Structures are given as C-alpha cells and as structure tokens.
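*Asks:* predicted model, plus sequence, below.
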Amino acid sequence: MILSRTGNITVITQERATIIELVANVVEKYAQIKNDNIIVNLFSVKEIETNAINDFLLLSNKHKAAHKSFVIVTDKIAIDDAPEELSIVPTLQEAHDIIEMEDIERDLGF
C-alpha cells in the first residue's frame, strides 16, 4: 500500500495485497489519514468482485460521518452493482472532482 498526500487528499494505491488485506492496512493506518479526504486507487487490481469492494463500506461510512470524502477508483466493477453509499468512479480525475464537489457542499452546509 502506497500513501501519497497532496493538500487535504490522501491517495491510497494498492500494490499487491488483496482487497481484504488492503482494507485491513487502511484501518491500521487510519489514524494518520482520518483528517484527509481519501481516494483508494484500485487500478492495479486486475479483477474485483463486488463483494470485495463492499469491505470498504464500513470504513467509508465512518469517514463520511466525519464529514470527509472517501472515493474508490476502479473501472473493474459496475457502479450500479455496488452499494449506493460507496463513491466509485473510473478515473483519478473524477475522484478529485467528487471531492471538490463534496467540499463545496460541506462548505454550503449540505
């Protein structure tokens, strides 16, 4: 797992771990990144099952409850197959756009 931070955004890039291992690693490092908006980049993962992506649900809900964005980047699953609570986009640029829009909404009190 690689963590790279720019401003108030931390991008987590998956290397070789499974989704389950990655979620465990993110939970372990969460104290270091809990004040940032988080992008989980899963582009290096060849295949992702919808069940595996659901492992991020608890972490995503916790992060969003703290008024921070949590976005998953992958084009390996159909967005309609994932839970509505997860923000899933196919590109890093779209992840940054989602965070920008959510920051604006939070600033406006939505």
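*Replies:* It's in.
*Asks:* where in this protein is pLDDT low?
*Replies:* Under the criterion pLDDT under 70, no range of the chain is flagged.
*Asks:* ranges for the helices of it?
*Replies:* 19-33, 50-53, 57-65, 92-107 (DSSP state H).
*Asks:* can the ones you listed go into JSON lines with extra columns for mean neighbour count and distance to residue 11?
*Replies:* Every C-beta, even on glycine, is put in place using the N, C-alpha and C of the backbone. Converted to JSON lines, the helices of the chain look like this (neighbours: other Cβ atoms under 10 Å; distance: least, Cβ to Cβ, whole Å):
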{"stretch": "helix 19-33", "mean neighbour count": "15", "distance to residue 11": "10"}
{"stretch": "helix 50-53", "mean neighbour count": "16", "distance to residue 11": "17"}
{"stretch": "helix 57-65", "mean neighbour count": "15", "distance to residue 11": "14"}
{"stretch": "helix 92-107", "mean neighbour count": "15", "distance to residue 11": "7"}
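*Asks:* residue 79: which of those is closest?
*Replies:* Nearest of those to residue 79, taken as Cβ to Cβ: helix 50-53 at 10.1 Å.
*Asks:* can you list the residues that contact that closest one?
*Replies:* Residues from elsewhere that reach helix 50-53, judged by Cβ atoms under 8 Å, 6 or more residues apart in numbering: 18-20, 72, 74, 77-78, 81-82, 86, 88.
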